[in-house]
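Enquirer: Provided below are the primary sequence and the corresponding predicted coordinates.
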Amino acid sequence: MQPTNLEVSGNSTVKTRKLKDTIGLLRAFTLEQKDPDSFYGLLAKDGVSMLKRYIDLKDKTVIDVGGGAGYFTAAFLSSGAKCVAIEPFEEELLWRGIPKFPAIVGDGYKLPIRSSSIDIAFSSNVLEHVEKPWEFMDEQLRVVKPGGLVFACFTNWYSPWGGHETSPWHLLSGKRALERYENKYQKRVKNRIGESLFPIHINSAMDYLNKKQVSGDIRVLNVAPRYYPDWARFIVKVQGLREVMTWNLAMIIQKK
């Protein structure tokens, strides 16, 4: 099955992301290190807004998988959802102190959640940090109810931010990118290529969605560059171009 044959059947007539929104999101990357609250708060608000196109969040049960310090969890709770953060690393969960939100230390590959029991499984920029991203996605699909949604996005490897803080040098050599960063800043890279950061490509994501759609497991509601205006959705249909032009790919799918 060719990736370009993917059928997106969501509400594509809803136009809410404009160019000024894109500029604001991309500028926010400059705040990640010096003002993480503003950066992650903006991303959380944006992610929740994307989901609101497809579902009323009030009283919906949500898991924020790989939720870290809980920015997205807080945004869901503010929107009226019942949300729990699931984070494998306790130090990440406690990064801003004792959580003031429901949270579980748990493994995204083996979620401590009953099958077909929640409305939404959400993960933002987690797939590039797991070695087997599509098994990770399968686990999220397992726990949502039929008709429930899975939202997942990731930073693709060939994007300008694919190597995270070592970008764009990761495109030449992952090892050399790590060495360059640590020599320059005299500190250890948090997102270590091959350890906590792994190459992930849009082609593989489209292949995964195709396979699941053909088997009748899912309905694809949206697959698009997350930070771009809605009219830029066409980019993901162009093989090659999408791998370098897309900063981040967002997938919203419904379990059948």
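Expert: Yep, that arrived. Numbering: from 1, shown residues only.

Enquirer: now the helices for the stretch 1-150 of the chain?
Expert: 19-27, 36-52, 71-78, 90-93, 133-143 (DSSP state H, counting those that start in this stretch).

Enquirer: I figured residue 111 was touching residue 87, is that so?
Expert: No: if you go by CB atoms under 8 Å, residue 111 and residue 87 don't touch, sitting 11.7 Å apart. (C-beta placed from N, C-alpha, C; glycine too.)

Enquirer: which residues touch residue 175?
Expert: Applying CB atoms under 8 Å, 6 or more residues apart in numbering, we find residue 175 in contact with residue 193.

Enquirer: give me the number of residues near residue 169?
Expert: Around residue 169 there are 15 other residues, counting by other CB atoms under 10 Å.

Enquirer: tell me which element the closest residue in space to it that isn't next to it in sequence is part of?
Expert: Take residue 169 and drop its neighbours on the chain: the residue closest to it by CB to CB, 6 or more residues apart in numbering is residue 177, 3.9 Å away. Assigned by DSSP states H and E, residue 177 belongs to helix 174-185.

Enquirer: Mean confidence (pLDDT) on that helix, please.
Expert: Across helix 174-185, the average pLDDT comes to 88.

Enquirer: helices or strands next to the next helix or strand after it in the packing?
Expert: Downstream of helix 174-185, the first helix or strand assigned by DSSP H and E is helix 202-214. Here helix 202-214 touches helix 133-143, strand 218-225, helix 241-245, strand 249-255, going by 3 or more CB pairs under 8 Å, 6 or more residues apart in numbering; DSSP states H and E.

Enquirer: The second one pairs with which strands?
Expert: With DSSP bridges as the criterion, the sheet partners recorded for strand 218-225 are strand 249-255 (antiparallel).

Enquirer: Alpha carbons of the strand it pairs with, in CSV - could you do that?
Expert: Extracted C-alpha coordinates of strand 249-255, given in CSV (Å, rounded to 0.1, in the frame of the first residue of the first chain):
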residue,chain,number,x,y,z
LEU,A,249,3.5,15.3,12.3
ALA,A,250,0.2,15.1,14.1
MET,A,251,-2.1,12.1,13.8
ILE,A,252,-5.6,11.9,15.0
ILE,A,253,-7.3,8.5,14.6
GLN,A,254,-10.5,6.9,15.7
LYS,A,255,-10.7,3.3,16.8
